[in-house]
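Undergrad: just coords:
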């Protein structure tokens, strides 16, 4: 605890120690008409080679230059160049926002590729940046483009199924992936059907997905991070979108509360609502898809209000309500709900070189499930989180530091295969501080960072050093690497040995874990991992890029539900082996492989190709096994072509191949008696339940998976602001019977989605 407060104090001292005594010009670059920030525009002193590119907020900072008179210039393809003469004295800090006007002529090619600029100026290892334009290139499922469909084509990503499937990233389980929306943790970002996320595509500004090797700015997860930023809404006029398909309908409204004007403050809002009715349409349109229909339903609400100062400072207030329900009559019923409110702010203090960002939020997530055994299962997690980040620019270098604070309650009730109840309520407080330094040395970009994570409820402190580096060998060839330590306290409220998991809950690091593992004493309740990644990027001419990465994730301490528990952990059973009475077990894991990623983009064509070779294994102290998401080979091929300019037609294809998943085979059945009435119970007069004799854990393999999706999209432009877009789509176009799992009790094969045709229409105004 003392180490934590010492580091936080040091970070605050850094913000005042010598940082304010420098010469600097900084500000934001905006579209003069819409007020939208322009990312990766060039800002430089005319006649010199000194300049920078704006960041995701449109922010730039020029420092480390001699006092004098300069012509400050900002350029971006498709916009007129802007010049401003500025005289700078030693120690001056100038705030200068730049406003660019779009040129009248439409360019056929974008010469300056913002993604290429980012690749040359950032380490960007195991990181994919997603925009709404990227998602729109993918064939839609149910005529509705969605992040959940797009994330499946990313390198290192494996999904276990269309019906309630989960996302696994480079060997990590869903609980080990952190999903953030505007600074707030989202505990379940995907709906049960597996094809839709809680994020409507039109509320998304951009998404950063880190498959591993992320720096110290992110913490409390040991596998991956998905950072989602929402749009602020239209700053100049009321706009929106209305869309419908057999799967769902949606409404987007956004506009100004105070219209944007250059060099003035503004405010605006956005509201997004979406409701599904597949459970109603499936019995009519897709009655062949499942004998139970497709009993999935959800609704999502999101709202946000933004207040923007002329200096670039802003404060944003937002809230959401996400709900999901599945009802297999006579089998299982399941639902979850998530609500939250929060605020984000960005401060650009006058006379200070430090940029300040912050967030504060509260959320609550609960999931309930009832099965045939009538044993209720539920899980909840709720609480607050907040933090602040401070950025200090030194030319092309960056110092960034900050802290995070969270407090939440978890509770769950769960029953394992032996009918034993597992679960308990917990209150948890976590604190963290981080520091990172991005340093450019010639062709090298170095990013050392460190995170100090204090788990107050566990009374454990974790010091987590991380390092990333890139070498720009040439303009077209780059090498990169990352290594780091990661920890987390949350575990999943179900066993990740189960293939089908609709029930997705949370639990803080439990007390009831073994004291020893594989002959070694266990002195920590945290889950821990090390990441090792090395890779290269190659630009082939101007329009295509190859990214190749090899990785190792060493999960050297994991906590899992004990599916083998058959005795209560009470004094009466202390003579029984610990692994038969503990609620939880300790495991170790290893994930390693190679990701190959190729992108070609030259209008009107777009090609995306991914090949993954991956190996995942777990060791529970007794056996080594492959978990059910261990997919050796995975191929994703995406092709998109856009024909026409005024009224374009987009044709998209996506083909996915995945080699077989492991599963546990059935050896036989027996009558199971739990002797709930004691050992004197008359077993000859008692009717037992069906007991299953299992084979070796995941000793078998399911058939391989492959699927082709096709969609055709056409847009009719009515006038400057009004357009209608129609989509027809075909999911699983050649009707491949892809196996999801095998129902042991009914001896029935359960397949994933069959061929699903759909059509949708959207009006934008």
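TA: Sure, I can see it. Please read these numbers as outputs of a predicted model, since none were measured by experiment. Numbers count the residues shown, from 1 in each chain.
Undergrad: for residue 54, see how far away the spatially most central residue of the chain is.
TA: If you average the C-alpha coordinates of the chain and look for the closest C-alpha using CA atoms, centre = their mean, you land on residue 226, 2.4 Å from that point. In this structure, residue 226 and residue 54 are 23 Å apart, going by CB to CB, to the nearest Å. (Each C-beta comes from the backbone N, C-alpha and C, glycine too.)
Undergrad: show me the contacts for residue 66.
TA: Contacts were defined as CB atoms under 8 Å, 6 or more residues apart in numbering; by that measure residue 66 touches no other residue.
Undergrad: next SSE after the helix or strand hosting residue 72?
TA: Secondary structure from DSSP states H and E places residue 72 in strand 68-75. Past strand 68-75, heading to the C-terminal end, the next element that is a helix or strand (DSSP H and E) is strand 82-88.
Undergrad: contacts made by that next one with the rest, please.
TA: Applying CB under 8 Å, 6+ apart, the contact partners of strand 82-88 are 23, 25, 46, 65, 67-75, 94, 96, 98-100.
Undergrad: partner strands of that strand, parallel or antiparallel?
TA: Looking at strand 82-88 with DSSP bridges, its paired strands and their directions are strand 68-75 (antiparallel).
Undergrad: so which bits of the partner strand are buried?
TA: Of the residues in strand 68-75, those buried by neighbour count under the rule 16 or more other CB atoms under 10 Å are 70, 72, 73, 74, 75.
Undergrad: need the contact partners of it.
TA: Where contact means CB under 8 Å, 6+ apart, the residues beyond strand 68-75 that reach it are 25, 29, 41-48, 62, 81-88, 96, 98, 100.
Undergrad: repeat that for stretch 315-325.
TA: The list of residues contacting stretch 315-325 from outside it, by CB under 8 Å, 6+ apart, reads 181-182, 188, 191-192, 198, 230, 232, 296-307, 334-346.
Undergrad: go on, stretch 549-556?
TA: Stretch 549-556 is contacted by residues 125-126, 155-156, 170-172, 211-213, 222-223, 527-536, 587-595 when judged by CB under 8 Å, 6+ apart.
Undergrad: just stretch 585-594 next, same as before
TA: Stretch 585-594 is contacted from outside by 156, 170-172, 513-514, 517-518, 522, 548-562, 564, 579, 612-621, 627, using CB under 8 Å, 6+ apart.
Undergrad: domain-wise, how is this structure divided?
TA: 2-113, 127-664+699-764, 665-698 (automatic domain parsing).
Undergrad: all the helices of the stretch 301-450 of the chain, residue numbers only.
TA: For the stretch 301-450 of the chain, applying DSSP state H, counting those that start in this stretch gives no helices.
Undergrad: which one of the buried residues of strand 68-75 is nearest residue 393?
TA: Ranking the buried residues of strand 68-75 by separation from residue 393, with CB to CB as the measure, puts residue 72 on top at 15.5 Å.
Undergrad: what about the chain, any weak spots by pLDDT?
TA: By pLDDT under 70, the low-scoring segments of the chain are 1-22, 104-116, 164-165, 330, 372-374, 414-423, 493-502, 674-680, 682-684.
Undergrad: for it, just list every one of the helices.
TA: In the chain, helices defined by DSSP state H lie at 2-14, 114-121, 132-136, 147-150, 278-285, listed in chain order.
Undergrad: now do the last one: which elements does it pack against?
TA: Helix 278-285 makes packing contacts with strand 296-308 when contacts are defined by 3 or more CB pairs under 8 Å, 6 or more residues apart in numbering; DSSP states H and E.
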